[in-house]
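>>> Fold the following.
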Amino acid sequence: MHSSLTSSKKESPITKHKSLLHSGFSSPASQWTYDITKSYDWNYEHGPTFTGEFPKRTIKPLKKFLTFKVNSLFGVPAGPLVNSQWIELYAKLGFDILTYKTVRTRSYPAFPMPHMLYVEPVSARNKDQQDYLGRPYIKKHEHLAMTNSFGVPSKDPDVWQEDVAKTLDLIGEGQLLIVSVMGTQTGAKNEDEFIDDYAKCAKLALEAGAKIIEINLSCPNLHGTGVICYDVALVEKICSQVKNAIGNIPLIAKIGYYSDSKLLNDFVKKNHTYLDGIAVINTIRGNVKDVQVKNSVMRQIDSSGICGKLIKPYGLAMVKQLNKMRTEKHLEFAIIGVGGVTSPEDYEEYIRLGANAVQSATGAMMDPYLAYKIYKKETEQKQDYPLIKTLGASNFQTMIGNSSLTDLKKLYLDMLYPQNTSRVKNTLQISPKPFSLKHGERGRVVSHVYLNHRESLLSDPIDRKLLAQLLDQLIKEKILAGKKSKYGVISIASSSSPELTALMLDLFPDTISRAVFLPDHVLNSERGTHTSLYGEIDDSIPWVLIDDVFTSGKTFKNSLENLKKILGNTYKKIQIYGATLVYRNTEDADLFLKNTKQPIHSLVSLNDILEYHWKHLSPSQKKIIRKERVELQ
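The predicted structure follows:
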């Protein structure tokens, strides 16, 4: 760690404003990494200040952001990460998606002090702008809000390019560096030169090794020019030219809050083809008065950017709107939620509303352990399926969204044979009375060990969500392996319960195409041949036949043969795969592959399930199992 990562207790705000503490106010926590009493340049050279212990995580890069595998979906936006020293610290603290502070094609000085003040709202000028009092202290940390006015300073490219290259060696596995760039209007003769400056800056970032470029379209402190992202025509030109300059490198646009949903819709409509992600928000505009000097804090302009807890509702609103547009228009771009994140619950709220990743600036400066707190909470929750069920269906996506197949597999195993519910509701059933196997297994037509997902699908919304996410993740990790994001599923419906298929398909992501095979004798027989195919088959995407349990493979084989007859020449154009939650036995699966050349991908085998729950089974149940499965002696 750099020698600059030290404490500065003598000059801390706690010491400086000690008299205020006796008046019932509180200063920043001692772990603040950015000293707001000092200039930007001082913090660049001497920061960050941190003397705590680095937390330890047991983690692998199993989550996905854009095309990258990451440890977590949480990080820090451009604001606090002014150079490699700052990024090194936050990477070691467990922040995994890190954005290098906005850089330019030339050096650019910071505004005069002060750069940051605590604020509290006092009155509203109009619906879009609030008046604030700036203070050197705050009353309650949970209501933390600040203003910042830096002017988007930048070092010369020779300095920041070398530092970006250095930073790439400082971050660890499963961590991602995004470089934020912008054009400079000062000195530009016309709009074309300004746009070209954006593209030049992006190319300089690529030369330094950037894997992702973020264009800053959201900063309000641009010498009276306003916020660029509201000029949609200009933004379209910038996005187009930058994308042309960087080619296949992912491009993210950082934008501000839109009070006009039509304007936001116009922004998305005109720019989504250039963008791989949209980050929202930066700050909201506010007029700040400093209680110490009784005049406008921001001397160059009448308004300043407000950040911290106060802007969380604005950030959430933008994520919700963008997610709705993305879903309704079937668009593909990531959403990065930023604004007011100071707790794990704030992070969860952004994820629940559709964010693919979340970043925190003020919260991360105030609480360096914020990423670790999120990690701890996620880890504890994901290992406790009864807790997930207790918290309800509305929290399901927040708690296990973006989980790896390994995480979901454990939850599934716990779901099959829970220890705190009636055995009647168990998906795994072990009984002296045999169950009928419609297509047989290993030469027998009955078994005392049976898997039936019907109860979970019909009566339990959490189990239903889990089963759908399991199949989706199984297909993405084992079949598609990250190559394609779009695919279609062909469900092999049960003859006696076609509604089970409907419940399952309804919970797949909206981007997934759907079709279903129905048997000849719907509602009459489990043995009906599946010959009727409903749904349009798009030959440009891969298709996956899905069923919950693979027994003999007869249903899969019949479905493949009938699919070939129904589709005719189209069958040769499409990629067909098979997926199931459980193999009853791996030998039949291997034989199926040998005879059909068609692999069936499965989450677990029945033996895996029985071994996982063996310690919970009674002696009589174990005796029943051993009669059928001698390998479990």
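>>> only C-alpha atoms for contact and neighbour calcs from this point on.
OK.
>>> for residue 113, what are its contacts?
Residues counted as contacts of residue 113 (CA atoms under 8 Å, 6 or more residues apart in numbering) are residue 39.
>>> Ramachandran angles for it?
In terms of degrees, to the nearest 10, the main-chain angles of residue 113 are phi -60, psi 160.
>>> so how far is residue 218 from it?
Distance, residue 113 to residue 218, using CA to CA, to the nearest Å: 22 Å.
>>> So for residue 214, what's the pLDDT?
Here, the pLDDT recorded for residue 214 equals 98.
>>> Run a quick check on residue 584 versus residue 553, I expect a contact.
No - using CA atoms under 8 Å, residue 584 is not in contact with residue 553, being 10.3 Å away.
>>> Work out which residue lies at the spatial centre of this structure.
Nearest to the mean C-alpha position of the chain, counting by CA atoms, centre = their mean, stands residue 356 at 2.9 Å.
>>> If you tally nearby residues, what's the number for residue 374?
The local packing of residue 374 (other CA atoms under 10 Å) involves 19 other residues.
>>> again with residue 121
15.
>>> Wait, a helix at it?
No - using DSSP: H, G, I helix; E, B strand; the rest coil, the assignment for residue 121 is strand, not a helix.
>>> Ignoring the adjacent residues along the chain, who's closest to it?
Excluding the flanking residues, the one nearest residue 121 by CA to CA, 6 or more residues apart in numbering is residue 132, at 4.3 Å.
>>> do residue 131 as well
Using CA to CA, 6+ apart, the nearest residue to residue 131 is residue 287, at 4.7 Å.
>>> The one you found should be in a strand, yeah?
Yes - under three-state DSSP, residue 287 sits within a strand.
>>> pLDDT score assigned to it?
pLDDT for residue 287: 76.
>>> My guess is it contacts residue 303. True?
Yes - applying CA under 8 Å as the test, residue 287 and residue 303 come out as touching, 4.4 Å apart.
>>> any idea which strand is longest in this protein?
Scanning the chain for the strand with the most residues, using DSSP state E, yields strand 428-441.
>>> counting contacts, what elements does it pack onto?
The contact analysis (3 or more CA pairs under 8 Å, 6 or more residues apart in numbering; DSSP states H and E) places strand 428-441 against strand 444-451, helix 619-628.
>>> try it again with 10 Å
Counting contacts by 3 or more CA pairs under 10 Å, 6 or more residues apart in numbering; DSSP states H and E, strand 428-441 is packed against helix 405-416, strand 444-451, helix 554-567, helix 606-612, helix 619-628.
>>> Could you say which of those is packed most deeply?
Scoring those by mean neighbour count under mean count of other CA atoms under 10 Å gives helix 405-416 as the most buried, with a mean of 19.
>>> what about dumping the CA coordinates of that one to PDB?
C-alpha atoms of helix 405-416 as PDB (Å, rounded to 0.1, in the frame of the first residue of the first chain):
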ATOM      1  CA  LEU A 405     -25.100 -21.600 -10.600                       C
ATOM      2  CA  THR A 406     -23.100 -23.000  -7.600                       C
ATOM      3  CA  ASP A 407     -25.000 -20.700  -5.200                       C
ATOM      4  CA  LEU A 408     -28.300 -21.600  -6.700                       C
ATOM      5  CA  LYS A 409     -27.600 -25.300  -6.600                       C
ATOM      6  CA  LYS A 410     -27.200 -25.200  -2.800                       C
ATOM      7  CA  LEU A 411     -30.500 -23.400  -2.500                       C
ATOM      8  CA  TYR A 412     -32.200 -25.900  -4.700                       C
ATOM      9  CA  LEU A 413     -30.900 -28.800  -2.600                       C
ATOM     10  CA  ASP A 414     -32.200 -27.100   0.500                       C
ATOM     11  CA  MET A 415     -35.600 -26.600  -1.200                       C
ATOM     12  CA  LEU A 416     -36.000 -30.200  -2.100                       C
END
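>>> That one relative to strand 444-451, how many degrees between them?
100 degrees (axes from the mean of the first three to the mean of the last three CA atoms, to 10 degrees).
>>> Could you tell me the angle between helix 405-416 and strand 428-441?
Using the same axes, to 10 degrees: helix 405-416 against strand 428-441 is 110 degrees.
>>> Domain map for the protein?
Following automatic domain parsing, one finds the domains of the chain at 9-382, 405-632.
>>> Relative to residue 389, which of these is closest?
Among these, the nearest to residue 389 by CA to CA is domain 405-632 (6.2 Å).
>>> how far out from the middle of the chain is that closest one?
Its chain's C-alpha centre and that of domain 405-632 lie 28 Å apart, by CA atoms, centre = their mean, to the nearest Å.
>>> just use 518 as the starting number from now, easier for me
From this message on, residue numbering opens at 518, which makes the last subject domain 922-1149.
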